[in-house]
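1. sequence unknown, structure follows:
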């Protein structure tokens, strides 16, 4: 169990932080250049110089490019028709076609945004080159100065590390607490414990406190690893993080205890735990914003403990939030812990 408890989570942390990202840096692009002009080559060079696009192939066949889309060999196809430069010179306007593989809507939206930004930039360059600075300056436009708070470098790892730490701590505490009591049932020692003079609350405390301590220790190691390897900022109070984590783990351990009271063996316990973890993770806001979910899903998310801890971790570590800022989450997770622990103890008393 020691490698599972201590070694596996940190291997997962290192892998998941690099793998779980929505950053688009290798968008495979096919170019269909039937114009073969100076203008078309300049446009292609614009895409080639971008860190987001990888020019995989240049062809004269639109059909070949579309087949590449069908085979997932290309994410974006840029089609430049014959006579594009002549039309631009003669009519002061021309069109190009952008075909985006939209199976993954998020990737398609980001790829389209990057491509349109490059096309818009090239359009301004043409206006400046052909008509001079004076003509281009007459175009009305709004200049935007960006200021990125809390993650000024837009480093996706900074956003993901706190959330993945929550998942690793949750998985260990939930699975281990869920299987621990069931193990007593399988080997038959639960009956021997029940006939001893030990009180049931003492028995439950003895079963849960070790995992509570282990989970807090893993959180400390995870934060240390995140700081050393990924340079995550810790703007807020580290004591506030552990204070909230202590209450949060009571809720998670309560869920594990409840699962152990209704499961008859460790296999059932693992399936129950996997079911709850899968739902909790997908609705936690780790990968997608909770605010973007439907209203009913946001209401259901109120019974998701991972949602609260991920939100609080990011608020404290990245924004420097104080206790006053997390009072709603603190009250919610405290009530959650009381209810689920009480329900678990009641269920345990009923079945022994």
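-> Now that the structure is in, tell me what you want to look at. Just so you know, these numbers come straight off a predicted model, no measurement behind them.
2. Outline the domain layout of this protein.
-> 24-137, 153-351 (automatic domain parsing).
3. Return the most buried member of those domains.
-> Mean neighbour count (mean count of other CB atoms under 10 Å) peaks for domain 153-351 among those, with a mean of 17. For every residue, glycine as well, the C-beta is placed using N, CA and C.
4. What is the distance between that one and the centre of its chain?
-> Offset of domain 153-351 from its chain centre (CA atoms, centre = their mean, to the nearest Å): 18 Å.
5. do stretch 75-84 as well
-> 34 Å.
6. which residues are contacting that stretch?
-> Under the contact criterion CB atoms under 8 Å, 6 or more residues apart in numbering, stretch 75-84 has outside partners 27-35, 37, 39-40, 43-44, 47, 53, 62, 65-66, 68-69, 94-101, 107, 111-112, 115.
7. For this structure, which segments count as helices?
-> Secondary structure of the chain (DSSP state H): helices at 2, 8-19, 38-48, 62-70, 84-91, 105-137, 156-187, 189-194, 200-230, 238-262, 266-282, 295-300, 305-314, 327-351.
8. quick revisit: and residue 147, which of the domains of the chain is closest to it?
-> Closest to residue 147 of the domains of the chain is domain 153-351 (CB to CB; 12.0 Å).
9. Tell me how far the residue lying closest to residue 60 once chain neighbours are set aside lies from residue 65.
-> Nearest residue to residue 60 in three dimensions, chain neighbours excluded: residue 34, at 5.8 Å (CB to CB, 6 or more residues apart in numbering). Distance of residue 34 to residue 65, computed by CB to CB, to the nearest Å: 11 Å.
10. start to end distance for stretch 307-326?
-> 13 Å (CA to CA, to the nearest Å).
11. ok, residues contacting it?
-> Contacts for stretch 307-326 (CB under 8 Å, 6+ apart): 150-151, 158-159, 162-163, 165-166, 170, 232-237, 240-241, 244-245, 248, 280, 283-286, 290, 301, 329-330, 332-333, 336.
12. which regions of the stretch 101-250 of the chain sit below the pLDDT cut-off?
-> Scanning the stretch 101-250 of the chain with the threshold set as pLDDT under 70 gives 131-141, 191, 194.
13. follow-up on the earlier one: can you redo the helices of the chain as CSV with distance to residue 144?
-> Formatted as CSV, the helices of the chain follow (distance: least, CB to CB, whole Å):
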stretch, distance to residue 144
helix 2, 53
helix 8-19, 31
helix 38-48, 21
helix 62-70, 33
helix 84-91, 28
helix 105-137, 13
helix 156-187, 22
helix 189-194, 65
helix 200-230, 30
helix 238-262, 35
helix 266-282, 34
helix 295-300, 30
helix 305-314, 25
helix 327-351, 33
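14. about what we covered before: wouldn't the residue nearest to residue 60 be in contact with residue 59 here?
-> No. With contact defined as CB atoms under 8 Å, residue 34 does not reach residue 59; the gap is 9.5 Å.
15. pLDDT on stretch 83-92, on average?
-> Throughout stretch 83-92, pLDDT has a mean value of 85.
16. Phi first, then psi, for residue 321.
-> phi -60, psi 150 (degrees, to the nearest 10).
17. And it, what's its pLDDT?
-> Here the pLDDT value assigned to residue 321 is 92.
18. and it, how far is that from residue 155?
-> Counting by CB to CB - residue 321 and residue 155 are separated by 19 Å.
19. and what of residue 41?
-> For residue 41 relative to residue 155 (CB to CB), the value is 34 Å.
20. now residue 172
-> Counting by CB to CB, the separation of residue 172 from residue 155 is 26 Å.
21. repeat for residue 228
-> From residue 228 across to residue 155, the span is 15 Å (CB to CB).
22. again, but for residue 171
-> Distance of residue 171 to residue 155, given as CB to CB: 25 Å.
23. next one: residue 266
-> Using CB to CB, one obtains 40 Å as the distance from residue 266 to residue 155.
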